[in-house]
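**Student:** Fold the following and give me the result.
(chains A, B, C and D)
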Protein chains: 2
Amino acid sequence: MTVDRRILKTREAIKKAFFDLMAEKDFKDITVHLISERANLNRGTFYLHYLDKFHLLDKCIEEQLAGLLRVCASTGADQTHFPTFDSILATTEYFEEHILFYTCMLTNEGMPSFRDRLHQLMVKGIHEQVNMSGINKGMNKEILVQFMASAIVGIVEWWILNKMPVPANQLARELWTLLERNQIRT
Amino acid sequence: MTVDRRILKTREAIKKAFFDLMAEKDFKDITVHLISERANLNRGTFYLHYLDKFHLLDKCIEEQLAGLLRVCASTGADQTHFPTFDSILATTEYFEEHILFYTCMLTNEGMPSFRDRLHQLMVKGIHEQVNMSGINKGMNKEILVQFMASAIVGIVEWWILNKMPVPANQLARELWTLLERNQIRT
DNA sequence: ACATTTATTAACATCGTGTTGATTAGTGAA
DNA sequence: TTCACTAATCAACACGATGTTAATAAATGT
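**Tutor:** I've put the predicted structure just below:
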């Protein structure tokens, strides 16, 4: 029992059309009618695969973030020593490769939740790694974690939306310094 | 020549209804019809005052942020020494007073641009105050500014959305420490 | 080859939008 | 108080997006 190729074909066409449109206009102005037209299929067909455009968006984000997580984890083979400089560098380079998607998601006004989902991933990661002794002794852990998570996501967002004004390895180096200063590394 | 009281009355009713609805449901699900109904006025009347619901939202945000800026600036009478601990404390307390509005704006999914506008204000402020000598020597100023601005906005957002789990003065103290660590204060 | 699944087509009711024209009511100023 | 002006109301309109349906055609896996 294999997958019906018509399904894959249709879903690919829908996602492709959706991304094209996202690069052109705000999410709020994209209609199911537009997507179907661009994908060369009947509007009814869209509803056979997705509940509405929000559902479609959600699925697209899910797929992409799964890829990001894979890269983040891959280079840090040793889970106890994370992040490594290499894992940070690999991640910045990953963003470089997928700049189109991330620009699209971050540029688009009224984009529900994409930034939040990046942030959530970051909070989870930092919570496991932050060192609360030394310089951070006596601080509220939650505040520190939130502080750092927002800072890092903000940097990445800035870097992407400004078309990567510094090379990936410089960004990685400066991030490395800021993590050290706040004792987020192991 | 004074202002027609009918205009004020109508606009207040519209804004009031809008805020009520924002506390109940996502912005995307709020219609002009709903707002008018809740405000007890004709839908046509809405269009006499605002272009659409986005325009209304924009005006509401504008008014509120003007108030925030006034507080931020008020306590730091001396412009060369800013931020002061007092100005930070005053700001956290301001958020406490207006928790309803900020919760509403930050909770609401698909809220266009509110967070970004807070962030922009912060970037501007930090850019003028950050100290690039000492610990920050050799770093890219833009990266540092973005890092800190996102961190601070993130903390505030976390604090508000989590119903202020620590008192305003503790938040102010911890923020003060983090600013010192990264030499954002004067 | 055949049963099953998917896609197409056209139509439908429903809802939100933004605008219009005629009418009513409230307002500020003389 | 009167009066000109302006705002609000009401009903109606065309338009476009939504989500669903039923009949039909096409593609697929076995």
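
**Student:** List of residues touching the biggest helix by length in chain A?
**Tutor:** Longest helix in chain A by number of residues, with DSSP state H as the criterion: helix A:53-75. Outside helix A:53-75, the residues that touch it by CB atoms under 8 Å, 6 or more residues apart in numbering or on different chains are A:14-15, A:18-19, A:27, A:30-32, A:35, A:50, A:84, A:86-87, A:89-91, A:94, A:98, A:101, A:105, A:112-114, A:117-118, A:121, A:125. (Each C-beta comes from the backbone N, C-alpha and C, glycine too.)

**Student:** can you give me the mean pLDDT across it?
**Tutor:** Helix A:53-75 comes out with an average pLDDT of 88.

**Student:** Same question for it: list its buried residues.
**Tutor:** In terms of neighbour count (16 or more other CB atoms under 10 Å in any protein chain shown), helix A:53-75 has its buried residues at A:53, A:56, A:57, A:58, A:59, A:60, A:61, A:65, A:68, A:71, A:72, A:75.

**Student:** Narrow the contacts of helix A:53-75 to those that are buried.
**Tutor:** Applying 16+ other CB under 10 Å to these flags A:14-15, A:18, A:27, A:30, A:32, A:35, A:50, A:84, A:87, A:89-91, A:94, A:98, A:101, A:105, A:112-114, A:117-118, A:121, A:125 as buried.

**Student:** picking that back up, return the subset of the contacts of helix A:53-75 lying in helices.
**Tutor:** A:14-15, A:18-19, A:32, A:35, A:86-87, A:89-91, A:94, A:101, A:105, A:114, A:117-118, A:121, A:125.

**Student:** Show me which of the buried residues of helix A:53-75 is closest to residue B:179.
**Tutor:** residue A:72 (28.8 Å; CB to CB).

**Student:** what subset of the ones in helices among the contacts of helix A:53-75 is also close to DNA strand D?
**Tutor:** Residues of the ones in helices among the contacts of helix A:53-75 in contact with DNA strand D (CB under 7 Å from any atom of the strand): residue A:32.

**Student:** How about stretch A:164-172 and chain B, touching?
**Tutor:** Yes - residues of stretch A:164-172 are located near chain B by CB under 8 Å from any CB of the partner chain, namely A:165, A:166, A:170, A:171.

**Student:** ok, residue A:136 to chain B distance?
**Tutor:** Using CB to the nearest CB, to the nearest Å, residue A:136 is found at 10 Å from chain B.

**Student:** I figured that residue hits residue A:143, correct?
**Tutor:** No - counting by CB atoms under 8 Å, residue A:143 is not a contact partner of residue A:136; they are 10.2 Å apart.

**Student:** Residue A:105: what's it in contact with?
**Tutor:** A:22, A:61, A:64, A:111, A:114.

**Student:** My guess is the fourth one contacts residue A:27. True?
**Tutor:** Spelled out, it's residue A:111. Yes - Residue A:111 lies in contact with residue A:27 (CB under 8 Å); the separation is 5.8 Å.

**Student:** Output the below-cut-off pLDDT ranges for chain A.
**Tutor:** In the predicted model of chain A, residues A:1, A:75-82, A:110, A:112, A:185-186 satisfy pLDDT under 70.

**Student:** what does it have sitting close to chain B?
**Tutor:** A:28, A:109-113, A:115, A:119, A:135, A:139-140, A:142-144, A:146-155, A:157-158, A:165-166, A:170-171, A:174, A:177-178, A:181-182.

**Student:** redo that, cut-off 7 Å
**Tutor:** Within chain A, the positions near chain B by CB under 7 Å from any CB of the partner chain are A:109-110, A:112-113, A:139-140, A:143, A:146-151, A:153-155, A:158, A:166, A:174, A:177-178, A:181-182.

**Student:** Pull out the buried members of those.
**Tutor:** A:110, A:112-113, A:139-140, A:143, A:146-151, A:153-155, A:158, A:166, A:174, A:177-178, A:182.

**Student:** Can you tell me the SS state at residue A:40?
**Tutor:** Recorded secondary structure, residue A:40: coil (DSSP: H, G, I helix; E, B strand; the rest coil).

**Student:** I'd like the distance between it and chain B.
**Tutor:** Residue A:40 is 28 Å from chain B, by CB to the nearest CB.

**Student:** That residue: neighbouring residues, count only.
**Tutor:** Neighbours of residue A:40 under the rule other CB atoms under 10 Å in any protein chain shown: 8.

**Student:** From the residues of chain A next to chain B, which land in helices?
**Tutor:** A:143, A:146-151, A:153-155, A:158, A:174, A:177-178, A:181.

**Student:** I figured residue A:176 hits residue A:85, correct?
**Tutor:** Yes - with contact defined as CB atoms under 7 Å, residue A:176 and residue A:85 form a contacting pair (5.5 Å).

**Student:** so what are the domain limits for chain A?
**Tutor:** Chain A resolves into domains spanning A:1-50, A:66-181 when parsed by automatic domain parsing.

**Student:** so which of those gets nearest residue B:41?
**Tutor:** Residue B:41 sits nearest to domain A:1-50 of all the domains of chain A, at 25.1 Å, using CB to CB.

**Student:** Run the chain-centre distance for that closest one.
**Tutor:** Mean-position distance between domain A:1-50 and its chain equals 21 Å (CA atoms, centre = their mean, to the nearest Å).

**Student:** That domain vs DNA strand C: in contact?
**Tutor:** Yes - Domain A:1-50 lies within reach of DNA strand C by CB under 7 Å from any atom of the strand, at A:4, A:6-7, A:9-10, A:40-45, A:48-49.
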